Structures are given as C-alpha cells and as structure tokens.
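In: dropping a prediction and its sequence here:
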Amino acid sequence: MTNVHFETKHVDSLLGSILQVVAVKDVQTTVTLRDDCKEKILSILQEVLKDDAQGGTSTSSVERITSLNNFLPLYDLLDNNQRVLLAKDVLGSWSRSPSKITDTVAHNAFIYLAGVLAESINALTIQDETRQISASICRVIEAADFGDDLERRLKFYTECRGKFKRLEIVQVRLVHCVLRLAVEARNQAVVTKSTSTRIRGFLQVRCCV
C-alpha cells in the first residue's frame, strides 16, 4: 500500500482502522499507544510521507498528507523523540519546494509541528541543530498566506512571538515580518488615499514592534 496507489480518503480510512486497533484507553479515557506498536506506526507514517515525495514534492502534496483526519491523532500517540523525527520529515519534505500556505488545516498542522520542534530544544541541543530548527520555523511562518487581511497576519505574528519566544532567530524574523506588514499597510493607505482612523491606528498602535 502506498499513497501513490490510493486516494487520500482510502489512506485516511486505513489510518483510522489502524488507530482503532492499536489505541488503548485507560480508566481515565486517556488514549495511548501500545509500546510494541510505536515503531510500526512511525514506519507507516514515514511511508505515507515517502510515497508522497515519490509522487512529487510540493506544498499541495504535503498539505494533502497533513489534512488526513487520522494522521495527527496517530502522530500524537508516538513518543516525543519519534514525533520530533517525523516533524522534521514533514517540514523537510515541504521545504524542498516551499510556497505559500493558504489552506487553514495545513497551516495549523505546520505550526503545530513547528511547535513540536521548538519544544525539543533544550540546554543540551547543539547550536547547529537549533539554527536548523529555527530556519524551518521561519520558513513556515513566512509561508503563511492571509491575503490582504493585515490584522489577521499581525495576530498570527503575535501568537508566534509567544510560541517561539526561546528562539532568537525566529524572534528577529518576526520583527522583520511585522516591519514589512507596517510598510504594506502604509502602501495600502497611499494607494487607496485612505487616512482613516483604522489605518492610522493600525500603523501607530497595532504594528508596534
């Protein structure tokens, strides 16, 4: 079985069946994964990603993988080290041919995976690893496309600033993103010849760095 041979709905159905079989609920209804299944589940999820890459690495193909309803539920049941490894696989596959992410489901999934990578960094993490993870997160942030909704973009940057506050490289990139956003807001005002209170307020208050 490969993702090249089956449609997304069939792959998702198979992942759902696997989830029902291997997931275990305790008395507190907490869902866990049987220890003897974790490596096999990791291999299956990696195979889904590998098959997708064979079909042609692109943003649209990775978005299709991350939009599988049962992909992330299975992913969440893996051990932390396995989740970090798979997050690197997903973002690494996408970054080989990055483009704007407009799909909300895929965008949320990418930010979630970026958060997993950020949380994996600790005092023992080598500097080069931190730089690589930070670069991946920066690419995801810059790929988010909210169209002309400047306020939504600013809200997103603000949330990312809190989520990735321990990563200096990401913080610097977010400052640059906000500065570009302020320039775009000003240019919009010039083009539309708008001097409304809303535009002035956005430039003077909302876009403070």
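Out: Alright, I've got the coordinates.
In: from here on, just use CA atoms for contacts and neighbour counts.
Out: Will do.
In: number of nearby residues for the nearest residue to Ala144 once chain neighbours are set aside?
Out: Of all residues not flanking Ala144 in the chain, Ile101 sits nearest, at 5.1 Å (C-alpha to C-alpha, 6 or more residues apart in numbering). For Ile101, the neighbour count with other C-alpha atoms under 10 Å is 21.
In: gap between Ser43 and Val22?
Out: 14 Å (C-alpha to C-alpha, to the nearest Å).
In: the more surrounded of the two?
Out: The neighbour comparison of Ser43 against Val22 (other C-alpha under 10 Å) goes to Val22, with 18 against 13.
In: quick one: the more buried one and Lys38 touch, right?
Out: No: here Val22 does not reach Lys38: they are 9.1 Å apart, not a contact under C-alpha atoms under 8 Å.
In: quick one: low-confidence parts of this structure?
Out: Low-confidence segments of the chain, defined by pLDDT under 70: 1-6, 25-31, 51-67, 189, 191-209.
In: domains of it?
Out: Annotated domains of the chain cover 1-145, 149-209 [automatic domain parsing].
In: how distant is the longest one from the center of its chain?
Out: Domain 1-145 sits 9 Å away from the centroid of its parent chain (C-alpha atoms, centre = their mean, to the nearest Å).
In: the chain should start at 12 in everything you say after this.
Out: OK, 12 is where the count begins now, so the last one is domain 12-156.
In: what lies in contact with stretch 177-187?
Out: Outside stretch 177-187, the residues within contact range by C-alpha atoms under 8 Å, 6 or more residues apart in numbering are Ala129, Arg142, Ser145, Ala146, Ile148, Cys149, Tyr168, Cys171, Arg172, Phe175, Lys176, Val220.
In: contacting residues around the closest residue to the fifth one other than its chain neighbours?
Out: Right, Ile148. Take Ile148 and drop its neighbours on the chain: the residue closest to it by C-alpha to C-alpha, 6+ apart is Ala125, 5.6 Å away. Residues in contact with Ala125 (C-alpha under 8 Å, 6+ apart) are Ala98, Ser147, Ile148, Val151.
In: got the residue ranges for the strands in this structure?
Out: 34-36, 42-44 (DSSP state E).
In: measure Val116 to Ala129 for me?
Out: For Val116 relative to Ala129 (C-alpha to C-alpha), the value is 20 Å.
In: between those two, which one's more packed in?
Out: It is Ala129, of Val116 and Ala129, that has more neighbours when counted by other C-alpha under 10 Å, with 20 against 14.
In: hang on, the more buried one packs against Ile144?
Out: Yes: counting by C-alpha under 8 Å, Ile144 is a contact partner of Ala129 at 7.1 Å.
In: how many other residues sit next to Arg152?
Out: Quick fix: residue 152 reads Ile, not Arg. Number of residues near Ile152 (other C-alpha under 10 Å) recorded here: 23.
In: er, Asp156 I mean
Out: Neighbour count for Asp156, taken as other C-alpha under 10 Å: 17.
In: again, but for Asn92
Out: By the criterion of other C-alpha under 10 Å, Asn92 has 12 neighbours.
In: repeat for the one 3 residues further on
Out: Look at Val95: counted by other C-alpha under 10 Å, it has 19 neighbours.
In: distance-wise, check it relative to Val35.
Out: 22 Å.
In: also Lys111?
Out: Taking C-alpha to C-alpha as the measure, Lys111 and Val35 are separated by 38 Å.
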